[in-house]
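1. Here is a sequence together with a model predicted from it:
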Amino acid sequence: QVQLVESGGGLVQAGGSLRLSCAASGRTFSIDTMAWFRQVPGQERLFVAAVAWQRVGTFYGESVKGRFTISRDIAKNTMYLQMNSLKPEDTAVYYCAADTSISTLLSARPNHYDYWGQGTQVTVSS
């Protein structure tokens with residue numbers, strides 16, 4: 001089992017920045033990819049970005065390329081999402097997720113992820 005806990009959400013004005021963190025615990029050695037997704041009530045969960053946990057590699061959704069940066073610190077078992085130039089349409093609950101299958105490395109599909117955090121709210125005001 002892997003446990004994931006997000007932090008760092010909040011309210012920010014458009015154009016501002018926030019950094020989200022996701023702390024992993026448990027069987028972290030089994031993780032191959034960690035990712036961020038976001039969801040607005042009543043809509044599907046959308047891919048934001050993914051990072052290879054034990055290799056080098058990242059993958060971004062089109063809407064956040066050039067504005068968001070995903071990273072991880074293996075020694076701290078923590079993943080980060082630096083969000084710059086935030087827009088009102090970035091408002092959502094942000095979830096971190098972990099995938100333990102190498103065959104789906106850097107996947108953008110939510111159903112490839114085995115473990116999820118509880119989510120953290122990000123609100124961007126105009």
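-> Arrived safely, thanks for sending. Numbering: from 1, shown residues only.

2. only C-alpha atoms for contact and neighbour calcs from this point on.
-> OK.

3. And the residue nearest the centre of the chain?
-> Closest residue to the average C-alpha location of the chain: W36 at 1.8 Å, with Cα atoms, centre = their mean.

4. which outside residues touch the strand or helix carrying it?
-> If you go by DSSP states H and E, W36 is part of strand 33-39. When contacts are defined by Cα atoms under 8 Å, 6 or more residues apart in numbering, strand 33-39 is touched by residues 45-54, 79, 81, 92-102, 105-107, 110.

5. quick one: contacts for the closest residue to R67 other than its chain neighbours?
-> Counting by Cα to Cα, 6 or more residues apart in numbering, R67 lies nearest to N84, which is 5.2 Å off, once chain neighbours are set aside. By Cα under 8 Å, 6+ apart, N84 lies in contact with 15-18, 67-68.

6. Compare the residues you listed and tell me which has the most neighbours.
-> F68 (20 neighbours; other Cα atoms under 10 Å).

7. Give the rounded mean pLDDT of stretch 31-42.
-> Averaged over stretch 31-42, pLDDT sits at 97.

8. Kindly report the same for stretch 76-83.
-> Stretch 76-83 comes out at a mean pLDDT of 98.

9. Show residues contacting it.
-> Contact with stretch 76-83 is made by 17-25, 28, 34, 36, 67-73, as judged by Cα under 8 Å, 6+ apart.

10. Okay, and which of those map to strands?
-> Within the contacts of stretch 76-83, residues falling in strands by DSSP state E are 18-25, 34, 36, 68-73.

11. Closest one to S125 out of these, please.
-> The nearest member of the ones in strands among the contacts of stretch 76-83 to S125, counting by Cα to Cα, is L18 at 12.9 Å.

12. Quick check: chain neighbours aside, which residue is closest to the closest one?
-> M83 (5.3 Å).

13. Return the set of residues that bridge with that neighbour.
-> Counting by DSSP bridges, M83 is bridged to L18, F68.

14. circling back to that earlier point, if we look at the helix or strand that the strand holding W36 is followed by, which residues are touching it?
-> Next helix or strand after strand 33-39 toward the C-terminus (DSSP H and E): strand 46-52. For strand 46-52, contacts defined as Cα under 8 Å, 6+ apart pick out 32-39, 57-61, 63-64, 70-72, 105-110.
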